[in-house]
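K.L.:
Pasting the sequence and the predicted coordinates here, then a few questions.
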Amino acid sequence: MSFDLNLHAYRLLMEEPFFAALSRKIEKVSSTAIPTAGVRVNPDTAQFEMIYNPEFFDSLPEEHVRGVLKHEFYHLIFEHVTSRKPEGVDHKTWNIAADLAINSHLQGELPEMACMPGVGPFEALPLGESAEWYLANMPQQDESQGGQGSGDGDGEAGDEPGSFDDHSGWDDDANSPAQQAANQMAKERLKQALKEAAQEASKSPQGWGSVSGAVKKEVLKRLETKVDWRKVLRYFIKTSQRANKRSSVKRINKRYAYIHPGKKVQRQAKIAIAIDQSGSVSDEMLEAFFGELSKLSKLAAFTVVPFDTTVEEKLVYEWKKGVSRKAERVMCGGTCFDAPTEYINKRGDFDGVIILTDMEAPKPKACKAQRMWMTDSRGANNPYFKTRERVIAID
């Protein structure tokens, strides 16, 4: 057999760092038992494997071999292999929908039998939608027209649109406990594989290769570690507490009992909440933040510092323990982070400061108190400036 998959994998490595890194995590099995190629989760090892027919690959030109390889890898990236097929949908239709979602990103790279949005029976469908979208908008075909290709290995390669790869491995005992457990384990392994592939691609001169911006964004979003901003807020307040110690004869000194008086410790965090009042900070963000601060007021008292380009000291107020307040906007100008920073530094009696903002202003001067930033996801991912201080997104 003249086909050498390792040679094509090497070429993929040179030009497609992301796919090449992902390829190394997938076991390759040569077999003439299937007409084309397909990926699945091995139920015994919970590993991804690609089964391929070398005769099929040997019949394809170079660009189509690489396109089919990327097509199979996309099935893993989009979790078509590890996710359950939607209820009430036949395998054939779901296979077509999954292929349409993938092939949108592989125009001109696949054999002609591949189903493609905007081409042939799918000419009314746009590019770039999800498998679920294509499933809901699938055109109805008259059986006299030959139907739509399934890509499930039921016929010879090339006999109908979409039939160039094999999806039968997705359905083998899909609902069995063993297969479900294997799929779940494979999902966790896939996340780690995607993380390593993304890191490798980011360091390569070729970057992410032919991976589209939309797919890159989806992959990175899936790899994001979700942080519970409420827990972070509580942790910040507790760790900002400083100890006020004073001598007390009523307490026994643990080291020098009855020789020296003990120490009475009072712990209470003094926190400033600096709230950006500029119009770019949404009312929804203010309401979410105020709602959580109402709960946290049971732990400590706060000093609320409204600001835009300045701090109006007459608008600063104490949020006492146990008191609930509604979100309010008392200023509406630009944004300058030096304003609240200078106010905090001048006061000098705060343990920590939390700044609620959209992050759209230049980096401020250093703050004498521990400082943390709370913003929306856009502000956290695309801040106006870089900082080593905590930046937490309110979702």
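P.N.:
Cool, the structure landed.
K.L.:
can we go C-alpha only for contacts and neighbour counts from here?
P.N.:
OK.
K.L.:
Off-centre distance for the longest helix along the chain?
P.N.:
Ranked by residue count and defined by DSSP state H, the top helix of the chain is helix 177-203. In terms of C-alpha atoms, centre = their mean, to the nearest Å, the centre of helix 177-203 is found 14 Å from the chain centre.
K.L.:
do the same with stretch 105-113
P.N.:
Distance of stretch 105-113 from its chain centroid, counting by C-alpha atoms, centre = their mean, is 28 Å.
K.L.:
same deal with stretch 352-372?
P.N.:
For stretch 352-372, the distance to the chain centre is 26 Å (C-alpha atoms, centre = their mean).
K.L.:
Of all the residues in it, which ones are buried?
P.N.:
For stretch 352-372, burial by neighbour count (16 or more other C-alpha atoms under 10 Å) applies to 352-361, 367-372.
K.L.:
Of those, just say which sits nearest to Ala272.
P.N.:
Using C-alpha to C-alpha, Val353 is the member of these that lies nearest Ala272, at 4.6 Å.
K.L.:
ok so that closest one is a strand residue?
P.N.:
Yes. Applying DSSP: H, G, I helix; E, B strand; the rest coil, one finds Val353 inside a strand.
K.L.:
which residues sit in contact with it?
P.N.:
Taking C-alpha atoms under 8 Å, 6 or more residues apart in numbering, we find Val353 in contact with 271-274, 344, 369-372.
K.L.:
Quickly list what it is bridged to.
P.N.:
Counting by DSSP bridges, Val353 is bridged to Ala272, Arg371.
K.L.:
hey, where'd the strands end up in the stretch 1-150 of the chain?
P.N.:
Listed in chain order, the strands of the stretch 1-150 of the chain (DSSP state E, counting those that start in this stretch) span 27-30, 37-42, 47-52.
K.L.:
Give me the angle between the second one and strand 47-52.
P.N.:
In this structure, strand 37-42 runs at an angle of 160 degrees to strand 47-52, with axes from the mean of the first three to the mean of the last three C-alpha atoms, to 10 degrees as the basis.
K.L.:
And strand 37-42, what does it pack against?
P.N.:
When contacts are defined as 3 or more C-alpha pairs under 8 Å, 6 or more residues apart in numbering; DSSP states H and E, strand 37-42 packs onto strand 47-52, helix 62-77, helix 177-203.
K.L.:
and what of the shortest one?
P.N.:
Packed against strand 27-30, as judged by 3+ C-alpha pairs under 8 Å, 6+ apart, are the following elements: strand 47-52.
K.L.:
Pull up the pairing partners for the strand it packs on, direction included.
P.N.:
Strand 47-52 has its sheet partners listed here by DSSP bridges as strand 27-30 (parallel), strand 37-42 (antiparallel).
K.L.:
Among these, show me which one is buried the most.
P.N.:
A comparison of the strands paired with strand 47-52 by mean neighbour count, using mean count of other C-alpha atoms under 10 Å, puts strand 37-42 on top with a mean of 25.
K.L.:
Next, the angle from that one to helix 62-77.
P.N.:
In terms of direction (the same axes, to 10 degrees), strand 37-42 departs from helix 62-77 by 30 degrees.
K.L.:
quick one: strand 37-42 to chain centroid distance?
P.N.:
Worked out by C-alpha atoms, centre = their mean, strand 37-42 lies 25 Å from the chain centre.
K.L.:
what's the answer for stretch 91-103, then?
P.N.:
24 Å.
K.L.:
Helices along the protein, start to end?
P.N.:
5-15, 17-23, 54-58, 62-77, 91-103, 131-136, 177-203, 213-223, 229-239, 283-296, 338-347, 377-381.
K.L.:
Ile273 and Pro306: what is the separation?
P.N.:
Plainly put, Ile273 is 8 Å away from Pro306 if you go by C-alpha to C-alpha, to the nearest Å.
K.L.:
Settle it for me: which of those two has more neighbours?
P.N.:
Using other C-alpha atoms under 10 Å as the criterion, Ile273 and Pro306 rank with Pro306 on top: 28 against 21.
K.L.:
Leu110 contacts His64, correct?
P.N.:
Yes. With contact defined as C-alpha atoms under 8 Å, Leu110 reaches His64; the gap is 4.9 Å.
K.L.:
which intervals of the stretch 101-250 of the chain have sub-threshold pLDDT?
P.N.:
Residues of the stretch 101-250 of the chain that meet the criterion pLDDT under 70 lie in 141-166, 168-178, 225-229, 238-250.
K.L.:
swap the cut-off to 90 and go again
P.N.:
Applying pLDDT under 90 to the stretch 101-250 of the chain picks out residues 108, 111-115, 120-121, 128, 130-132, 135, 138-196, 199-207, 209-210, 212-250.
K.L.:
thinking again about what came up before, in CSV, list the strands paired with strand 47-52 along with distance to Val391 and mean pLDDT.
P.N.:
Listed next are the strands paired with strand 47-52 as CSV, based on distance: least, C-alpha to C-alpha, whole Å; pLDDT from 0 to 100:
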stretch, distance to Val391, mean pLDDT
strand 27-30, 40, 89
strand 37-42, 38, 87
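K.L.:
Just the angle for the longest helix of the chain relative to helix 213-223, thanks.
P.N.:
Using the same axes, to 10 degrees: helix 177-203 against helix 213-223 is 120 degrees.
K.L.:
I'm done for today, thanks for sticking with me.
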